[in-house]
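**Q** model the structure of this input:
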Amino acid sequence: MKHAIVTGLSFGDEGKGTTVDYLAREFAAQGDSPTIVRYNGGPQAAHHVVDARGRVHCFSQFGAGMFVPNARTLLSRFMLVEPFALVREARLLETLGVCDPLKRASIDNRAVLVTPYHRAINRLMEINRGEHRHGSCGLGVGQAWLDHLHRRAPSVRVGDIEDLERFTHRLEQQRLAKYDLAIQLDTGELGEEADQALAMLRDRQLCKQIARDAREILLGITRDEGESLEHALRAGRVIFEGAQGVLLDAERGFFPHVTATRTTTHNANILLEEAGASGADVKRLGILRAYNTRHGAGPFPTERADLTEQIPDWHNGQNRWQGGWRVGDFDAVLARYALSACKDIDALVLTNLDRLDGRQSVEMATCYENNPLEELGESPTLEKMSIATRSLTGEDVCPKTVSAPGWSQARSKNEGLSERAMQWVNLIASECGDYPVELLSVGATAQDKLRLCDGAWRIQRPNLQVA
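**A** Numbering: from 1, shown residues only. Below you'll find the predicted structure:
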């Protein structure tokens with residue numbers, strides 16, 4: 001493959017970051033300087049990468065391959081950009097030895113800006129929902145994208161910074177609109193965080209400072225309207241990095257526990273077409289964990305309290321906005337649904353096999369006793385998705401599971417894959433529709449990735465230098 005699209009096939013947290021890191025290193029080892037294109041989401045993304053020297057970074061807006069020397073990040077027109085968070089992330093990367101991350105990034109002028117006003121109203125609305133929270137990350141990303149979709153909403157794009165007066169005026173319009181919405185909420189006793197959000201929306205003077213500071217940040221970053229992508233596709237290797245997962249997609253996810261943006265390969269395909277590269281050699285990789293997880297509210301038919309306790313996640317836990325970390329058996333029904341919603345996946349990547357080490361058995365849901373997904377069809381309406389959400393959350397949906405023998409270690413002594421772990425991989429692949437498996441992950445780093453070599457799964461170490 002010359003280029004790759006990396007898409008999560010679950011509720012997020014599938015291992016997209018570690019996959020992008022591996023691919024970037026592999027491309028670099030072949031003499032290329034990869035470009036990582038973020039094609040959806042924004043600062044709410046949390047793509048954790050661990051390198052061979054134990055360095056850990058949660059990639060949020062930068063591409064998850066930036067540990068690789070000469071790798072670049074391109075924030076596409078579908079990306080939501082939060083300038084202040086971008087600078088904070090750049091500084092964190094610099095402390096880890098990554099040289100000039102902002103100089104190695106470019107932004108499409110058409111990308112939507114996430115502002116402090118989006119974050120404030122997002123948090124107020126989520127607090128106001130009480131026990132009916134949607135599971136927002138509390139960073140305002142969804143609100144920014146909804147503004148962008150609404151023609152009359154005061155949305156702001158990166159290119160608007162050229163005219164400071166107009167930029168400031170648009171931000172002030174945004175503040176007034178969000179404040180008007182805030183005072184309509186039942187904010188009586190919502191706590192200190194709600195009070196802080198309301199105070200920001202009331203502050204008339206803060207807007208000018210926000211505009212000046214955001215403009216200064218963005219003026220220091222290369223900006224264009226698609227030319228960087230066209231050049232990258234012609235000159236080298238490109239990795240399109242998605243955020244969240246297909247089951248959170250704005251159109252195919254289980255409403256209301258969804259993101260506002262598209263999480264399938266949809267946006268990446270549009271970017272390729274716009275760049276005149278729709279016929280390029282592109283492999284579309286769907287990422288799945290070897291078991292299921294979910295962070296926050298929403299349906300989760302195979303959730304198990306004992307697995308949540310037994311298989312903690314080092315990079316996820318209780319979150320003030322999203323809620324708790326949840327673990328369950330692998331759900332082949334949801335995996336098949338995600339693949340049907342994202343029809344162009346070429347191959348699978350299975351991650352976190354090592355997290356199942358030491359279990360006597362592993363379980364998989366192969367069907368539901370009452371499956372509401374069968375009624376959705378090719379283009380389900382919002383009403384149908386809402387009905388499916390309620391059904392999946394209720395007790396009528398009863399997952400039917402099969403068991404397979406567990407294993408002591410997924411990685412065998414000869415740095416391949418153990419026989420029982422391989423049986424689990426084959427079972428997942430067959431239940432998902434016999435998609436080829438491109439890559440396996442038996443640990444956190446690029447050194448823990450296995451590829452099929454001479455009929456067996458073996459570690460093939462790419463370039464492990466740090467930028």
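
**Q** quick one: low-confidence parts of this protein?
**A** Applying pLDDT under 70 to the chain flags residues 130-138, 186-190, 317-322, 454, 460-467.

**Q** state the distance from Thr18 to Arg25.
**A** From Thr18 across to Arg25, the span is 11 Å (C-beta to C-beta, to the nearest Å). Quick note: C-beta positions are derived from backbone N, CA and C, even for glycine.

**Q** overlap in contacts of the two?
**A** Jointly contacting Thr18 and Arg25 under the rule C-beta atoms under 8 Å, 6 or more residues apart in numbering are Ala446.

**Q** what about stretch 410-427, distance to the chain center?
**A** Mean-position distance between stretch 410-427 and its chain equals 27 Å (C-alpha atoms, centre = their mean, to the nearest Å).

**Q** quick one: buried residues of that stretch?
**A** 410-412, 416-418, 420-422, 424-425, 427 (16 or more other C-beta atoms under 10 Å).

**Q** again with stretch 31-49
**A** Quick answer for stretch 31-49 (16+ other C-beta under 10 Å): 32-49.

**Q** ok, now stretch 442-457?
**A** Using 16+ other C-beta under 10 Å as the test for burial, stretch 442-457 gives 442-450, 457.

**Q** now swap in stretch 301-315 and tell me
**A** 301-304, 307-308, 311.

**Q** just the ones of those in strands?
**A** For the buried residues of stretch 301-315, membership in strands holds for none, with DSSP state E as the criterion.

**Q** turn those residues into a markdown table, columns for distance to Asp434.
**A** Putting the buried residues of stretch 301-315 into a markdown table (distance: C-beta to C-beta, whole Å) gives the following:
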| residue | distance to Asp434 |
| --- | --- |
| Pro301 | 23 |
| Thr302 | 22 |
| Glu303 | 27 |
| Arg304 | 27 |
| Leu307 | 27 |
| Thr308 | 31 |
| Ile311 | 27 |
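
**Q** out of the residues you listed, which is nearest to Asp357?
**A** Ile311 (10.2 Å; C-beta to C-beta).

**Q** run through the residues that contact Thr265.
**A** Per C-beta under 8 Å, 6+ apart, neighbours of Thr265: 5, 7, 240, 242, 284, 342, 344-345.

**Q** isn't Leu339 right up against Tyr435?
**A** Yes - counting by C-beta atoms under 8 Å, Leu339 does reach Tyr435; the two are 7.2 Å apart.

**Q** pull up the overlap in contacts between these two.
**A** Joint contacts of Leu339 and Tyr435 (C-beta under 8 Å, 6+ apart) are 286, 345.

**Q** tell me, what residue is most central in this structure?
**A** Ala243 (2.0 Å; C-alpha atoms, centre = their mean).

**Q** then it would be within a strand, right?
**A** No - under DSSP: H, G, I helix; E, B strand; the rest coil, Ala243 sits outside any strand and is assigned coil.

**Q** for stretch 398-415, measure first residue to last.
**A** 39 Å (C-alpha to C-alpha, to the nearest Å).

**Q** what about that stretch, distance to the chain center?
**A** On C-alpha atoms, centre = their mean, the centre of stretch 398-415 falls 26 Å from the chain's centre.

**Q** go on, stretch 298-314?
**A** Centre-to-centre, stretch 298-314 and its host chain are 19 Å apart (C-alpha atoms, centre = their mean).

**Q** next: stretch 441-461.
**A** So, by C-alpha atoms, centre = their mean, the centroid of stretch 441-461 is 23 Å from its chain's centroid.

**Q** the longest helix anywhere in the chain packs against which elements?
**A** The helix that spans the most residues within the chain, counting by DSSP state H, is helix 164-182. Secondary-structure packing of helix 164-182 (3 or more C-beta pairs under 8 Å, 6 or more residues apart in numbering; DSSP states H and E): helix 116-128, helix 192-202, helix 206-219.

**Q** which positions in the next helix or strand after the longest one come out as buried?
**A** Proceeding N to C from helix 206-219, the next assigned helix or strand is strand 222-224, under DSSP states H and E. Along strand 222-224, these residues count as buried under the neighbour rule (16+ other C-beta under 10 Å): 223-224.

**Q** what strands line up against strand 222-224, and which way round?
**A** Strand 222-224 has its sheet partners listed here by DSSP bridges as strand 105-108 (parallel).

**Q** so what touches the partner strand?
**A** 62, 72-77, 79, 81, 158, 218, 221-226, 228-229.

**Q** select only the buried ones of those residues in ChimeraX?
**A** Per 16+ other C-beta under 10 Å, the buried members of these correspond to this ChimeraX selection:
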select :62,72,73,74,75,76,77,79,81,158,218,221,223,224,226,228,229
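
**Q** sorry, back to before: now the angle from the longest helix of the chain to helix 116-128?
**A** 10 degrees (axes from the mean of the first three to the mean of the last three C-alpha atoms, to 10 degrees).

**Q** from the buried residues of stretch 31-49, which land in helices?
**A** Reading helices off those, I find no matches (DSSP H).

**Q** quick one: buried residues of stretch 378-391?
**A** 380, 385, 387-389, 391.

**Q** thinking again about what came up before, please work out which of the helices and strands packed on helix 164-182 is packed deepest.
**A** helix 116-128 (a mean of 23; mean count of other C-beta atoms under 10 Å).

**Q** roughly how far does the closest residue to Phe59 other than its chain neighbours sit from Glu216?
**A** Distances taken as C-beta to C-beta, 6 or more residues apart in numbering place His47 nearest to Phe59, at 4.3 Å, with adjacent residues excluded. Applying C-beta to C-beta, the value for His47 to Glu216 is 27 Å.
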